[in-house]
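Colleague: need coordinates for the following:
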Amino acid sequence: MTKNASFSRRKLLHGAGGVALGLPLLPSLLSLKEADAAVAAPGPKRFVFVSHLYGTTPRNTIYPGASVLTESAVLYPGHSVSWGKLQRSVSGTNASVAPALAAPSSLLTDRLVSKMNVMRGWDIPFDINHHSGGHLGNYAANNQGGGGSADNQVIQSFGNQPTIDQIMAYSSAFYPSAVRERFFIDGGIYVPPGPYSFYYQNIQTKSGPVSRVAANKSTSYWFDKLFTGTTPKPSTPGSPASTRKPLVDVVLEDYKALRNGNRRLSAGDKTRLDEFIGRLSELQKKIQAAPAVTSANCSPKKNAKDASGAFQEYEGDPTRAQQKYAIWIELIAAAFACDATRIVVLPAGEPFLQINGDYHNDYTHQPGAPGAADVLTKTNQGQFERCILPLATALDVSEGGGTNTVLDSSLVMWSHEHGAEPHYAVSIPIITFGSAGGFFKTGQYFDFRRKANDALTGVSAQEFSGLTHQRWLATVLQSMGVPKNEWEKPGRPGYGINFVGDLFKGRYLPDVVNKASEVPPMLRA
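Modeller: You can find the predicted model right below:
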């Protein structure tokens, strides 16, 4: 094999009959200069969004104690913010940074805590009610339609807005070169209008109506698109699931040629190749296999190879929910390792807890009812332990043979629909992992609230106002390298719409609204 002076991961793409597999970077094939650069340079930036259904989160369980907030600064005259280093507490075999942010100590490690941020004080400053699109910037995608409150009528007048995942996906700053898939989105929908991701009808000109982006809840569907370049067709109802030659078999000759035919390939890189092929093969087997039956009443009629998926969009059984997200997590980790995509939207609506009654009406809508706070805390803890931490762990693997990991180059964003009371999005808990390639300071608890009497807002659960959610989305875009001129609208600082509703008027200082495109300096590394 002739050495290429500009050898890169993308040049390790091997094709066979229209099938391509992105192999990991192999340092032994690089020159000394290139190897040093690979160790020092971070990988491409990636973004993962995971939602938490409904919200209504007890404040004293999702946030660390006030004693953690050891530093403060004046953001604007009259508005100080606080932050401090997250403290990991260990009791027996369990660890925590807050009661709802707890897991076995083997999973919630000091290493992961150092790459984590907990943030309080990001507000959607108007009556949005239940929503799906608001997480990523399309606040009009809520369940009030064109009616509802006066606030919502204003929101609807702005119309649908593109969501930040799609702004990234079609930005040349985020994707400077071709990629297999710009994004993939799990098909999580629970209330009308349901979708989480929106973009322009005319992708090329970025014009026309803004509408929902197609999602798919089948891991098999996305596996085929990411790793074979094909769009699988749904099986005909009642017919057996389609089969195809395993991916690893298809690319095996190319893999063998590289592994056995290149004298410069080190023993370590051969092992790396073997492990990589093994992981993909195992992932494919899991996707093709039916989920394990966990109760006498559970008899899945479809396997995960079926395009409609074996798992439901909402898995009430916590064991099945954990199995479902374990496969999604493996798929995300493989996609990032292959650089097949850099954007994932993963709506997660499961409570990860066996619920007695209706989770929505009996608990999230009645947080003060006996036992409700305990259930709400446990649902947050369950999703944190069984979905968020495993995802962060799967991404915290070396990239390019250096000390930098895939997680270090990424931003994993876990966002809640509401704050401490239903239908009210003040102080939405936002927990992140990864520094987005060194953009964010990590291992911190940030409190952006302005703690003054004239900042109090709320209906039953009074809360100090903080910074606008539009500012957080603007910060995320900048952390991903997307410049302001690709998303900022004249006269509308921040991302999306610049609007403060009736219940919030006078609660925010003018600078908080007018400077919503600025990254809070204490967040920067």
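Colleague: what about the helices in the stretch 1-150 of the chain?
Modeller: Applying DSSP state H, counting those that start in this stretch to the stretch 1-150 of the chain gives helices spanning 32-40, 59-62, 110-113, 150-158.
Colleague: doesn't residue 225 make contact with residue 335?
Modeller: No - Residue 335 sits out of contact with residue 225 when judged by C-beta atoms under 8 Å, with a separation of 9.9 Å. Bear in mind the C-beta positions are built from the backbone N, C-alpha and C, glycine included.
Colleague: give me the common contacts of these two.
Modeller: 181, 184 (C-beta atoms under 8 Å, 6 or more residues apart in numbering).
Colleague: can you show me the strands along the stretch 251-400 of the chain?
Modeller: Under the criterion DSSP state E, counting those that start in this stretch, the stretch 251-400 of the chain contains strands at 343-346.
Colleague: which of the helices of the stretch 1-150 of the chain comes out lowest on mean pLDDT?
Modeller: Among the helices of the stretch 1-150 of the chain, helix 32-40 carries the lowest mean pLDDT, at a mean of 57.
Colleague: out of residue 335 and residue 225, which sits in the busier spot?
Modeller: The residue with more neighbours, out of residue 335 and residue 225, is residue 335; 24 against 19, by other C-beta atoms under 10 Å.
Colleague: for that one, what are its contacts?
Modeller: Contacts for residue 335 were tallied using C-beta under 8 Å, 6+ apart; they are 181, 184, 222, 226, 341, 344.
Colleague: let's see it at 6 Å
Modeller: By C-beta atoms under 6 Å, 6 or more residues apart in numbering, the contact set of residue 335 is 226, 341.
Colleague: how close does it sit to residue 46?
Modeller: As defined by C-beta to C-beta, to the nearest Å, residue 335 lies at a distance of 9 Å from residue 46.
Colleague: same question for residue 284.
Modeller: Taking C-beta to C-beta, one finds residue 284 at 22 Å from residue 46.
Colleague: repeat for residue 443
Modeller: Taking C-beta to C-beta, one finds residue 443 at 20 Å from residue 46.
Colleague: these two: who's more crowded?
Modeller: A count of neighbours by other C-beta under 10 Å puts residue 46 above the other of residue 443 and residue 46, at 26 against 20.
Colleague: give the contact list for that one.
Modeller: 336, 342, 410.
Colleague: could I get the full set of strands for the stretch 401-525 of the chain?
Modeller: Counting by DSSP E, counting those that start in this stretch, one finds strands in the stretch 401-525 of the chain at the ranges 410-416, 430-433, 444-447, 456-457, 463-464, 467-468.
Colleague: what does the fifth one contact?
Modeller: Strand 463-464 is contacted from outside by 426-427, 449-451, 455, using C-beta under 6 Å, 6+ apart.
Colleague: 8 Å - rerun?
Modeller: Contact partners of strand 463-464, identified using C-beta under 8 Å, 6+ apart, comprise 59, 121, 419-420, 426-427, 449-452, 455-457.
Colleague: by neighbours, which of the residues you listed wins?
Modeller: When the contacts of strand 463-464 are compared by neighbour count (other C-beta under 10 Å), residue 427 ends up highest, at 29 neighbours.
Colleague: secondary structure class of residue 226, three-state.
Modeller: Put simply, residue 226 is helix when judged by DSSP: H, G, I helix; E, B strand; the rest coil.
Colleague: that one: neighbouring residues, count only.
Modeller: Applying other C-beta under 10 Å, I find that residue 226 has 20 neighbouring residues.
Colleague: distance to residue 97, neighbour count and pLDDT added to the contacts of residue 46, as a markdown table?
Modeller: Shown next, in a markdown table, are these (distance: C-beta to C-beta, whole Å; neighbours: other C-beta atoms under 10 Å; pLDDT from 0 to 100):
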| residue | distance to residue 97 | neighbour count | pLDDT |
| --- | --- | --- | --- |
| 336 | 25 | 24 | 88 |
| 342 | 28 | 24 | 96 |
| 410 | 20 | 31 | 97 |
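Colleague: which residue is the nearest non-sequential neighbour of residue 150?
Modeller: Closest residue to residue 150 apart from its sequence neighbours, by C-beta to C-beta, 6 or more residues apart in numbering: residue 502 at 6.1 Å.
Colleague: ok, now which ones touch the one you found?
Modeller: Contact analysis of residue 502 by C-beta under 8 Å, 6+ apart lists 127, 150-151.
Colleague: so where's the stretch 201-350 of the chain uncertain?
Modeller: Within the stretch 201-350 of the chain, the segments meeting pLDDT under 70 span 229-258, 261-263, 279, 282, 285-310.
Colleague: quick one: residue 419 from residue 99, how far?
Modeller: According to C-beta to C-beta, residue 419 and residue 99 sit 17 Å apart.
Colleague: report the buried members of the contacts of residue 502.
Modeller: The neighbour count (16 or more other C-beta atoms under 10 Å) marks 127, 151 as buried among the contacts of residue 502.
Colleague: which one among the contacts of residue 502 gets closest to residue 55?
Modeller: When those are ranked by distance to residue 55 (C-beta to C-beta), residue 127 comes first, at 14.3 Å.
Colleague: can you give me phi and psi for the residue nearest to residue 425 when sequence neighbours are not counted?
Modeller: Excluding the flanking residues, the one nearest residue 425 by C-beta to C-beta, 6+ apart is residue 124, at 3.7 Å. Phi and psi for residue 124, reported as degrees, to the nearest 10, are phi -90, psi 110.
Colleague: residue 124 reaches residue 428, doesn't it?
Modeller: Yes - the pair residue 124 and residue 428 passes the contact test of C-beta under 8 Å, sitting 6.9 Å apart.
Colleague: tell me, what's touching those two both at once?
Modeller: residue 469.
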